[in-house]
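>>> here's my sequence, what's the structure:
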Amino acid sequence: MHNKQLMIEAQGASERQVVQKFADEAGKTVSESSSLKIRAEFYAETIIEKKQATRENIARKTLEHLAGGDVSEEASRPSEDFMRSFEGVAEKASSEELQDMMARILAGEIRKPGSVSRIALSIADVLDKNIIESMLFIKPYLISNNWVCMDSLSNDQFRFHVNLLSSVRITTESGPRDFGFFEAGYAVHAYANGAILINLKDKQRAFKFTPQADGFNLSIPGRELMSLVPDQNAVSIEGIAENYRKNEFIGDILVGIIETIDGQSQFVPKSS
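Numbers count the residues shown, from 1 in each chain. Here you go, the predicted structure:
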């Protein structure tokens, strides 16, 4: 074992000498070539300028997001540990979409310290324009901010988005999910822009077994990030309700809202 260790140390020393030799030669070449030196300096300055411009843009967007909503008493300056991790991710945000997302993350952490985990930040490190677009796509279909029932989608275009979001741990893989029917034979699904009450055609089915549909959940860090994505109002609650009619077990469907009455949440249908 001792001889093995000496061999490894000797090999490591020789490799370090080779690397150092290359570095010395590269430095010598740059110093002797004015054009290479100018290009190297320009590259270094450009990188620094880009990182600084990104930081300033994210800071400006963060202030805009904070100004757009109430700041609670628990709002506080982010911890140094959070900022170290955040800065390492944020300075690489090249597009406007990514910079806006990083600003929303920082604003969310300021509003509620500890609301953005290290795992969520590690996922943010791999976000790109396509991933953010997929997050925006599924946002209107989230039930109670956590679950998407496939029956609420009009076609199979979700496959690309779900597979992409699943690959970066924002969502779980799609599979059978409980519809959430009560014994009385109905279920209420709450969306960001309204609620839908779904009645079974055969009420007795709720006693025998609960019908299921394909769907997927948000992961815990996915829930953190998705809560920071702005609501998308292009998809109407009526359009989502209409998509449920393709399920052979579903009968009447009502569209409405969830209201708190006497301390309890209740479904209130929209007036026709």
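>>> after the host helix or strand of residue 133, heading C-terminal, what element do we hit next?
Secondary structure assignment for residue 133, by DSSP states H and E: helix 129-138. Elements were assigned by DSSP H and E; along the chain past helix 129-138, the next helix or strand is strand 147-149.
>>> picking up where we left off before, mind checking how far the helix holding residue 133 is from the chain centre?
Relative to its chain's centre, helix 129-138 lies at 8 Å (C-alpha atoms, centre = their mean, to the nearest Å).
>>> surely residue 173 is within a helix?
No - using DSSP: H, G, I helix; E, B strand; the rest coil, the assignment for residue 173 is coil, not a helix.
>>> check it and give its pLDDT.
The model reports residue 173 with a pLDDT of 83.
>>> not counting sequence-adjacent ones, nearest residue to it?
Once flanking residues are discounted, residue 173 sits nearest to residue 166: 5.3 Å by C-beta to C-beta, 6 or more residues apart in numbering. (Each C-beta comes from the backbone N, C-alpha and C, glycine too.)
>>> list the buried residues of the helix holding residue 133.
Within helix 129-138, the residues that count as buried by 16 or more other C-beta atoms under 10 Å are 131, 132, 134, 135, 136, 137, 138.
>>> with distance to residue 161 and pLDDT added, can I get those residues in a markdown table?
What follows is the buried residues of helix 129-138, written out as a markdown table (distance: C-beta to C-beta, whole Å; pLDDT from 0 to 100):
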| residue | distance to residue 161 | pLDDT |
| --- | --- | --- |
| 131 | 9 | 93 |
| 132 | 11 | 92 |
| 134 | 4 | 92 |
| 135 | 8 | 93 |
| 136 | 9 | 91 |
| 137 | 5 | 91 |
| 138 | 6 | 90 |
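>>> residue 94: which element?
Going by DSSP H and E, residue 94 is not in any helix or strand.
>>> show me the strands in this structure, by range?
All strands of the chain, identified by DSSP state E, fall at 147-149, 175-178, 186-191, 194-200, 212-217, 250-261, 264-269.
>>> quick one: which of these is nearest residue 118?
Checking those against residue 118 by C-beta to C-beta gives strand 212-217 as the closest, at 20.9 Å.
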